[in-house]
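A.B. asks: Pasting the sequence and the predicted coordinates here, then a few questions.
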Amino acid sequence: MALHLEQLNPEQLAAVTAPDEHLLVLAGAGSGKTRVLTTRIAWLVNSGRVSPAGVLAVTFTNKAAREMYVRLAAMLAFDPRGMWIGTFHGLANRMLRAHHREAGLPREFQILDAQDQLAAVKRVLRALGADPERDSPREVQAYINARKEEGLRAGEIAPADARERRWIELYAAYDEQCRREGVADFAELLLASYELLARNALLREHYAARFRHILVDEFQDTNRLQYRWLKLLASGGAAVFAVGDDDQSIYRFRGAHVGNMADFEREFGVRRLVRLERNYRSHGNILAAANALIARNRHRLGKNLWTEAGAGEPLVVYEAESDAEEAAFVVEQAQALARSGVPLSAIAVLYRSNAQSRVIEHALFTAGLPYRVYGGLRFFERAEVKHALAYLRLLAHPGDDAAFLRVANFPPRGIGARTLEVLADAARARGESLWQAVEALEGRARQALGAFRDLVVRLRAETAGLALAEQVAHVIAASGLEAHYRAEREGAERLENLGELVNAAATFAAEERASGLATGAGDPEGEALDPLNAFLAHAALEAGEHQAGEGREALQLMTVHAAKGLEFDAVFLAGLEDGLFPHEQSLAERDGLEEERRLAYVAITRARHRLYLSYARTRMLHGQTRYALPSRFLDEIPPGLVRWLAPRRPEPAPAARAPQARRPARAGAPAGGFRVGQSVVHPKFGAGVIVDAEGDGAEARVQVNFGREGVKWLAVAVAKLEPA
DNA sequence: GTGAGGCCCCTTTTT
DNA sequence: GGGGCCTCAC
């Protein structure tokens, strides 16, 4: 089959045909990383260096895994099914299903997504009588996940203070609850899989002997546990091929540990390092801007992208008066691009935080320009879908308390919070699941809960033997969900989503018949999972996959985080204001600014031909008008690469723009000659913008945002402030 | 037990 | 400004 090695550049070729030893590939943005990864696998297999079963390739997203699979299928003479290709979580899940007994899990253990996990944490807090004011469920959830991602169980942590002592207790109780209910959260998949390998020498040796080549994508995003997991799997002498870009490490807040790259070099004794620095994506000006920006970061492995493409257009910078005007600018320019023949789907609007999309969406909607927002609530996370899944989970495993609680009273059937509390107490006292504990109750509670249980039993009987999609459809109808949403005034969309869930089940079943991947049918290890349980696992692991309107011709809106790995002909990067991007909360963190800069680097390198950078002098944030300075990152881009679209305009007349301060100085009475919104210069703090004012005459004080110098209150009579 | 209004928070979030 | 969550009144 065609690998087209002759089309690779020398560095790519060196990586693809490297000998069987550990290798670190520093792959810059747009340097053909995925191609190298897949060609490497195909080359290894085709040249007989490894059998398909000896390959383990791991990514972070299902999308990346699927793309690798598809590309491999095109390069290989056979179906790549026998290889272990997937996400960390997907592969950990696969291993746990195959060895569930050794891992101490039921074969049909359910996977908790972040929402389910939060609900589970809340139940633990309640059961232990913890005060959610003092220990917020979200914080406890984050704490548990962070510890799991460090590979630590509750018993292995030394508390730093009283608060952590409480959290460790909650962690232990949470894990206990999960084990009792037969469920596993995302981090648990990895940790349990890691522990399985660490403790079970036989299994470890089996897998370590099996995998001869381990390939890891986006290595800079691995956390400590994932690193250790890989290390165990490689303990049998496998060659680890790690591809990453330290400059694109933007998930530290989720536990990603860039240090893994350096650790890998050291601990694995890596002798070869390949740098992919030739960029095939962007025009020269865009790359030069990206290079100049990222060069300001101190902790780098070092890399400079270059291209043979021309310089292209200069970057366009636009200063908008307000967020609304910035949105209007984006719409206008996007329309112009569309007229000149750029497909809408090749244009992206990127922003730092999700809240920024609203004003842009509003402008796009008004202009009648089709757009699509990525992120937000994903298909399998929608309430109605989760309700339907909860019924299905109860069919598969009645001991699933989380599912029980979610739908016992949905649609409403007279089982209130009080009743469920009584049931929970009974279950705890008897050491049983909620389902079992119904027996222990009496009177009205017993009757209502009994009726619910009968419903589930009936559903199970009625769906036995049906095809997966029919099972799903029947449960939606007979559970009362359908009737409930039909009666609801705004239930139409929810009904549509439930219909879509049936489609998703049908699609899943069809793909599963073809590949046998999710049920493990194609795998010699372990027993196969039934279609319903496989579908439930799929729903948890690939929550975002099922998005409506995927390939539609529409402008693409997303956060910079969500854009990683993607590319567009034209990119708008909106909201380049100090405090927003870089985000003010990042500045307090150690090396927070560097991570923000990497984020900006990721944003810039998404663009192929055109890049528009914009910021707004005023922005509605949390219901208040905020005044901001341009992002410091704009200053870090060499001026020669940039064209200011509407040159920084002179101060508009005050009347034209009467900005609303939180506590406006008395109307028409500027504080000591200064106005809110005005640009000023201070001899020590430099340029700033007045964001608030109070008093007048000799008492007048103004609050000035000096960007990186901070926000300060100054007495006008004393401070040497001058209009900019 | 259920639904409506008030209160609080508010970066990013591949799985 | 707005969504999720909780409390309070029926």
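C.D. replies: Great, that's in hand. Numbering: from 1, shown residues only, chains lettered A, B, ... in the order given.

A.B. asks: Let me see the contact set for A:His4.
C.D. replies: With contacts defined as C-beta atoms under 8 Å, 6 or more residues apart in numbering, A:His4 is in contact with A:Thr39. Any C-beta I mention is one placed from the backbone N, CA and C, and that applies to glycine too.

A.B. asks: confidence score at it?
C.D. replies: On pLDDT, A:His4 comes in at 88.

A.B. asks: for A:Thr559, same thing?
C.D. replies: So, for A:Thr559, pLDDT stands at 92.

A.B. asks: Need the pLDDT of A:Ala363.
C.D. replies: In this model, A:Ala363 is scored at 92, pLDDT.

A.B. asks: Report all helices and strands that the host helix or strand of A:Phe633 contacts.
C.D. replies: Using DSSP states H and E, A:Phe633 maps to helix A:632-635. Other helices and strands packing on helix A:632-635, by 3 or more C-beta pairs under 8 Å, 6 or more residues apart in numbering; DSSP states H and E, are helix A:592-604.

A.B. asks: can stretch A:487-499 be found next to DNA strand B?
C.D. replies: No: for stretch A:487-499, no contact with DNA strand B is found by C-beta under 7 Å from any atom of the strand; the gap never falls below 9.8 Å.

A.B. asks: Name the residues of that stretch that are buried.
C.D. replies: By neighbour count with 16 or more other C-beta atoms under 10 Å, stretch A:487-499 contains the buried residues A:491, A:494-495, A:497-498.

A.B. asks: quick one on the thing from earlier: immediately after the helix holding A:Phe633, which helix or strand?
C.D. replies: Later in the chain than helix A:632-635, the nearest helix or strand by DSSP H and E is strand A:642-644.

A.B. asks: Show me what that following strand is packed against.
C.D. replies: Other helices and strands packing on strand A:642-644, by 3+ C-beta pairs under 8 Å, 6+ apart, are strand A:315-322.

A.B. asks: Dump the helix holding A:Phe633 to PDB, keeping only the CA atoms.
C.D. replies: Provided in PDB are the C-alpha atoms of helix A:632-635 (Å, rounded to 0.1, in the frame of the first residue of the first chain):
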ATOM      1  CA  ARG A 632      -0.100  42.800  26.000                       C
ATOM      2  CA  PHE A 633       0.100  40.000  23.500                       C
ATOM      3  CA  LEU A 634      -0.600  42.500  20.800                       C
ATOM      4  CA  ASP A 635       2.500  44.400  21.800                       C
END
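
A.B. asks: pLDDT of that helix, averaged?
C.D. replies: Mean pLDDT, helix A:632-635: 94.

A.B. asks: how many other residues sit next to the nearest residue to A:Ala92 once chain neighbours are set aside?
C.D. replies: The spatially closest residue to A:Ala92, leaving aside those adjacent along the chain, is A:Ser193, at 3.7 Å (C-beta to C-beta, 6 or more residues apart in numbering). The local packing of A:Ser193 (other C-beta atoms under 10 Å) involves 25 other residues.

A.B. asks: Among the buried residues of stretch A:487-499, which one lies nearest to DNA strand C?
C.D. replies: Nearest to DNA strand C among those: A:Arg494, at 13.2 Å, using C-beta to the nearest atom of the strand.

A.B. asks: now for the helix or strand containing the closest one, which elements pack on it?
C.D. replies: Using DSSP H and E, A:Arg494 maps to helix A:492-515. If contacts are counted by 3+ C-beta pairs under 8 Å, 6+ apart, helix A:492-515 sits against helix A:383-396, helix A:468-478, helix A:481-487, helix A:531-541.

A.B. asks: Can you list the strands that the longest strand anywhere in chain A pairs with?
C.D. replies: For chain A, the longest strand by residue count, based on DSSP state E, is strand A:607-621. The strands that strand A:607-621 pairs with in its sheet are strand A:315-322 (parallel), strand A:568-573 (parallel), strand A:624-627 (antiparallel) (by DSSP bridges).

A.B. asks: Pipe those strands into JSON lines and attach distance to A:Ala440, mean pLDDT and mean neighbour count per row.
C.D. replies: Below are those laid out as JSON lines (distance: least, C-beta to C-beta, whole Å; pLDDT from 0 to 100; neighbours: other C-beta atoms under 10 Å):
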{"stretch": "strand A:315-322", "distance to A:Ala440": "62", "mean pLDDT": "94", "mean neighbour count": "21"}
{"stretch": "strand A:568-573", "distance to A:Ala440": "59", "mean pLDDT": "96", "mean neighbour count": "25"}
{"stretch": "strand A:624-627", "distance to A:Ala440": "53", "mean pLDDT": "85", "mean neighbour count": "18"}
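
A.B. asks: Output the ones you listed as JSON lines; include the columns distance to DNA strand C.
C.D. replies: JSON lines is the format used below for these (distance: least, C-beta to the nearest atom of the strand, whole Å):
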{"stretch": "strand A:315-322", "distance to DNA strand C": "13"}
{"stretch": "strand A:568-573", "distance to DNA strand C": "22"}
{"stretch": "strand A:624-627", "distance to DNA strand C": "8"}
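
A.B. asks: looking at these, which is closest to A:Trp84?
C.D. replies: Nearest to A:Trp84, of all the strands paired with strand A:607-621, is strand A:568-573, at 32.1 Å by C-beta to C-beta.

A.B. asks: Any chance you could list what contacts stretch A:356-376?
C.D. replies: Stretch A:356-376 has contacts (C-beta under 8 Å, 6+ apart) with A:323-324, A:326-328, A:330-331, A:334-335, A:338, A:344, A:349, A:351, A:354, A:547, A:549, A:552-559, A:562, A:574-575, A:580, A:620.

A.B. asks: Filter the residues you listed down to the ones in helices?
C.D. replies: The members of the contacts of stretch A:356-376 that map onto helices under DSSP state H are A:323-324, A:326-328, A:330-331, A:334-335, A:338, A:562.

A.B. asks: From those residues, list the ones also adjacent to DNA strand B.
C.D. replies: Among these, DNA strand B is touched by A:Ala562 when using C-beta under 7 Å from any atom of the strand.

A.B. asks: Make a ChimeraX selection of the buried ones in the ones in helices among the contacts of stretch A:356-376.
C.D. replies: Buried residues among the ones in helices among the contacts of stretch A:356-376 (16+ other C-beta under 10 Å), as a ChimeraX selection:
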select /A:323,324,326,327,328,330,331,334,335,338,562
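
A.B. asks: So the helix holding A:Phe633, near DNA strand B or not?
C.D. replies: No: residues of helix A:632-635 are not located near DNA strand B by C-beta under 7 Å from any atom of the strand, the shortest gap being 14.1 Å.

A.B. asks: List the contacts of the helix holding A:Arg494.
C.D. replies: Counting by C-beta under 8 Å, 6+ apart, residues outside helix A:492-515 touching it are A:81, A:379, A:382-385, A:388-389, A:467-469, A:471-473, A:476, A:481-482, A:485-486, A:488, A:518-519, A:521-522, A:531, A:534-535, A:538-539, A:546, A:548.

A.B. asks: Quick check on these: which are buried?
C.D. replies: Among the contacts of helix A:492-515, those buried by neighbour count (16+ other C-beta under 10 Å) are A:379, A:382, A:384-385, A:388-389, A:468-469, A:471-473, A:476, A:481-482, A:485, A:518-519, A:531, A:534-535, A:538-539, A:546.

A.B. asks: Get me the contact residues on the stretch 201-350 of chain A for DNA strand B.
C.D. replies: Contact residues (C-beta under 7 Å from any atom of the strand) of the stretch 201-350 of chain A with DNA strand B: A:218, A:221, A:250-251, A:253-254, A:256.

A.B. asks: follow-up on the earlier one: ok, and of the buried ones among the contacts of helix A:492-515, which contact DNA strand C?
C.D. replies: Among these, no residue sits close to DNA strand C (C-beta under 7 Å from any atom of the strand).

A.B. asks: Up against DNA strand C, what does the stretch 551-700 of chain A have?
C.D. replies: Taking C-beta under 7 Å from any atom of the strand as the measure of proximity, the stretch 551-700 of chain A contacts DNA strand C at A:620, A:622-623.

A.B. asks: No more questions from me, cheers.
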